[in-house]
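1. Here is a sequence with its predicted model. Questions after.
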Amino acid sequence: GAMPKSTATCNSIVNLMYRATAWANVADNAASSPLTNTYVALHTADLTAGTNSQAENETVYTNYARVAVARSTGWDAASGGATDNAATISFAQCGASGATLTHVSTGVGSSGATAVWHYGALNSSLVVSSGITPQFAAAALTITEQ
């Protein structure tokens, strides 16, 4: 069977990925050009673990774009193997054509088929039409390492 990770290890992984916090004796060397942002994307259907592309089922409502969240300050310190957004994450207001949003992902690119770090279903679907601005209030988007 699968071997679970300790909570301390999960916290270290989450802090390394989302806060750029060194993990002593594991990932504490300085990268020459580390990522400065993570990117949050919205989707109209589930992603598949094998695809590893934030473009999979990504919404295309009018004006949509992924949102950059700073690795330095955009996520809270990990606790219990999880982190959440430190401030509101607001997407562009929908223009003429909308979509039904069902999933969210985090990853490494502002657009295109870039790597997915975490993904999951929204608590409930959100129908986005003209004038609607999708957002996650502070602490509403929780990322859990298991």
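-> Yes, it's here. Remember, predicted model here, so these are calculated numbers, not experimental data.
2. low pLDDT regions in the protein?
-> Under the criterion of pLDDT under 70, none of the chain is flagged as low confidence.
3. so where do the strands sit in this protein?
-> With DSSP state E, the ranges of strands along the chain come out as 37-43, 67-70, 82-84, 89-90, 99-107, 116-128, 135-136, 142-144.
4. Out of those strands, which is the most enclosed?
-> By mean neighbour count, with neighbours taken as mean count of other Cβ atoms under 10 Å, strand 37-43 ranks first of the strands of the chain at a mean of 22. From N, CA and C alone the C-beta is placed, and that goes for glycine too.
5. In CSV, list the C-alpha atoms belonging to it.
-> Output of strand 37-43 as CSV, limited to C-alpha atoms (Å, rounded to 0.1, in the frame of the first residue of the first chain):
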residue,chain,number,x,y,z
ASN,A,37,4.4,33.4,-8.6
THR,A,38,2.0,30.5,-8.6
TYR,A,39,-1.0,30.7,-10.9
VAL,A,40,-4.6,29.9,-10.1
ALA,A,41,-6.8,28.7,-12.9
LEU,A,42,-10.5,28.0,-13.2
HIS,A,43,-11.9,25.0,-15.1
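6. which residues touch the residue nearest the centre of the chain?
-> A centroid search over the chain (Cα atoms, centre = their mean) returns residue 106, at 2.2 Å, as the residue closest to the centre. Contact criterion Cβ atoms under 8 Å, 6 or more residues apart in numbering gives 18, 38-41, 69, 116-119, 143 as the residues in contact with residue 106.
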